[in-house]
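Asker: Have a look at this prediction, sequence included:
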Amino acid sequence: MRSVTVKYLSSWWTTAGLVLACAAAYIVCLFGASPYADWTGFLFHRPAGLFLYCALILNLLLASLRIASAKLSRPAITLAVIQAMDVHTTLPVNPDVMNTLTASLTQKGFIVAQKGLSVRATMNHYSFLPGTVLRLGIVVLLAAVLLSVHTRKSAETILHEGDAIGPPGKELTLKSITADLPTKFLQVGEESTFRLNSVQAVLQSADSTETVTAGFPVRISRTYYRVTHFGFTLPVLLTNRSGVLQKNLDLDILPPGTTDSVDLQSQDLIMTISLQPERTVTKGLIKGREYDLKNPSFHIVVQKRAAKEKIGELNISGAAPASTSDLPLSFGRHAFYAKIQSTSDPALPFMYAGAFVSLFGMLLMCSRFFWYGKELLAVRENDTLHVGYREEFFKKWGIQKFYDWTTALSEARGSDDTADHPSNSSL
């Protein structure tokens, strides 16, 4: 019963069924708002999806073990085993037939093992290895992806110069933030393209300094860091009856023309902030606004939080601090902030290993066009030598080569008694 269960679990039909079930689940998810997210959520977080995913991993693993076990096994050579091969025939027996047979097979490159009245000859016996390596890589990769989904930790933190990130004892301090902000940026209409080609955040630890960008993540102490956002920080000082409130306003106002709102609940205030253009350029019907992003100016509208009533409006130049006599507010010189994404994934080395082994297995599979298994079995019963032959691929060519070889072998022994091909062969 156990062998039957393993046989069905390791069957290629089971593999095809599981893959089709996963594909069908994706087709169903296509009718949702986010097909890929729904599909991965089903596979990795729903019981039915986890069952399909784990069953596919188990199936590929058992299939590899089944194939390797079958290729490495040495079953007893019997007439029934020979008759079940791709082709079989009989040869006349003479006193030197076994030596002649083994010498001919050895000359053709077979590894020959003779035991009593039986002969086993194999060629490319380990040709199953490319497929096994490929499946092993896929199994490791699939298992690593599942592990990654459930163990991966990711967080985004807004940092200013001097702030620290990381676990205690391994903190990283943000030493500087730089970006290639243009001195003169002309925005024409509402659809102008704004692009930062380079944003760099320098993180310093006790023993090293690393530069983190918005491109490929940087690995520091098994954690990967990447810049995901960049913006202006505007210090504000508010003085009223409740006391003094000092706060850094992290503004999301890039590209120019966008606005950001800051809700000061404790002070019952809302501030709406945007970049103030230096000048407006008009050419015919086209109007553009020119901004100095290295020394920006800010336009600030202050209103009551509850009543939504505007109580003040001012412009602040980036060159110097500013304050207003109408409102108990004062602003410092702007700086920059960076949003740093930190990701730790214990399954990542296994994902790399699985991808590498899978790629290596795919390259090895190219050898299967000429490196494939061949096996010849022979057993002597009374005055008849029964010979069977099989090849993994190109079976018809192999059968024809087998007939040519047995005919030539019989003729070399001076025998006219050749095998009757139609009655003694099974394909």
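Answerer: Sure thing, it's come through. Given the structure is predicted, the values throughout are model-derived calculations rather than measurements.

Asker: packing partners for the top helix by length along the chain?
Answerer: Assignment by DSSP state H gives helix 47-72 as the longest helix of the chain. In terms of contacts (3 or more Cβ pairs under 8 Å, 6 or more residues apart in numbering; DSSP states H and E), helix 47-72 is packed against helix 2-9, helix 12-29, helix 35-45, helix 129-151. For glycine as for every other residue, the C-beta is placed from the backbone atoms N, C-alpha and C.

Asker: and Val188, what does it touch?
Answerer: Ile286, Lys287, Gly288 (Cβ atoms under 8 Å, 6 or more residues apart in numbering).

Asker: before we move on, what SS does the last one have?
Answerer: Secondary structure for Gly288, judged by DSSP: H, G, I helix; E, B strand; the rest coil, is strand.

Asker: Please look at it and Phe185 and confirm they touch.
Answerer: No - if you go by Cβ atoms under 8 Å, Gly288 and Phe185 don't touch, sitting 9.9 Å apart.

Asker: of the two, who's got more company?
Answerer: Phe185 (21 against 16; other Cβ atoms under 10 Å).

Asker: what's the pLDDT at the more buried one?
Answerer: Looking at Phe185, its pLDDT reads 83.

Asker: repeat for the one 4 residues further on
Answerer: What the model reports for Gly189 is a pLDDT of 68.

Asker: which residues in the protein form helices?
Answerer: 2-9, 12-29, 35-45, 47-72, 79-83, 97-107, 129-151, 348-365, 395-412, 421-424.

Asker: Which of those has the lowest mean pLDDT?
Answerer: helix 421-424 (a mean of 38).

Asker: Contacts only, for Ser208.
Answerer: Ile220.

Asker: mind redoing it with 10 Å?
Answerer: Going by Cβ atoms under 10 Å, 6 or more residues apart in numbering, Ser208 touches Leu172, Ile220, Ser221.

Asker: I'd like the residues you listed as JSON lines, with pLDDT, distance to Leu364 and neighbour count appended.
Answerer: Listed next are the contacts of Ser208 as JSON lines, based on pLDDT from 0 to 100; distance: Cβ to Cβ, whole Å; neighbours: other Cβ atoms under 10 Å:
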{"residue": "Leu172", "pLDDT": "90", "distance to Leu364": "42", "neighbour count": "27"}
{"residue": "Ile220", "pLDDT": "87", "distance to Leu364": "36", "neighbour count": "17"}
{"residue": "Ser221", "pLDDT": "84", "distance to Leu364": "36", "neighbour count": "12"}
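
Asker: so which of these comes closest to Phe331?
Answerer: Leu172 (29.3 Å; Cβ to Cβ).

Asker: Quick one: residues contacting the closest one.
Answerer: 159, 163-166, 201-206, 208-210, 212, 220-221, 223, 225, 340, 342.

Asker: returning to what we had before: which stretch among the helices of the chain comes nearest Leu251?
Answerer: helix 35-45 (30.1 Å).

Asker: Alpha carbons only: can I get the closest one in PDB?
Answerer: Output of helix 35-45 as PDB, limited to C-alpha atoms (Å, rounded to 0.1, in the frame of the first residue of the first chain):
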ATOM      1  CA  PRO A  35      -4.600  39.100  -9.700                       C
ATOM      2  CA  TYR A  36      -1.000  38.400  -8.800                       C
ATOM      3  CA  ALA A  37      -1.400  39.500  -5.100                       C
ATOM      4  CA  ASP A  38      -4.600  37.500  -4.800                       C
ATOM      5  CA  TRP A  39      -2.900  34.400  -6.400                       C
ATOM      6  CA  THR A  40       0.200  34.600  -4.200                       C
ATOM      7  CA  GLY A  41      -2.000  35.200  -1.100                       C
ATOM      8  CA  PHE A  42      -4.000  32.000  -2.000                       C
ATOM      9  CA  LEU A  43      -0.800  29.900  -2.500                       C
ATOM     10  CA  PHE A  44       1.000  31.100   0.600                       C
ATOM     11  CA  HIS A  45      -1.700  31.900   3.100                       C
END
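
Asker: Tell me the gap between that helix and the middle of its chain.
Answerer: 15 Å (Cα atoms, centre = their mean, to the nearest Å).

Asker: Same check on stretch 175-193?
Answerer: With Cα atoms, centre = their mean, you get 34 Å for stretch 175-193.

Asker: No further queries at this time; thank you.
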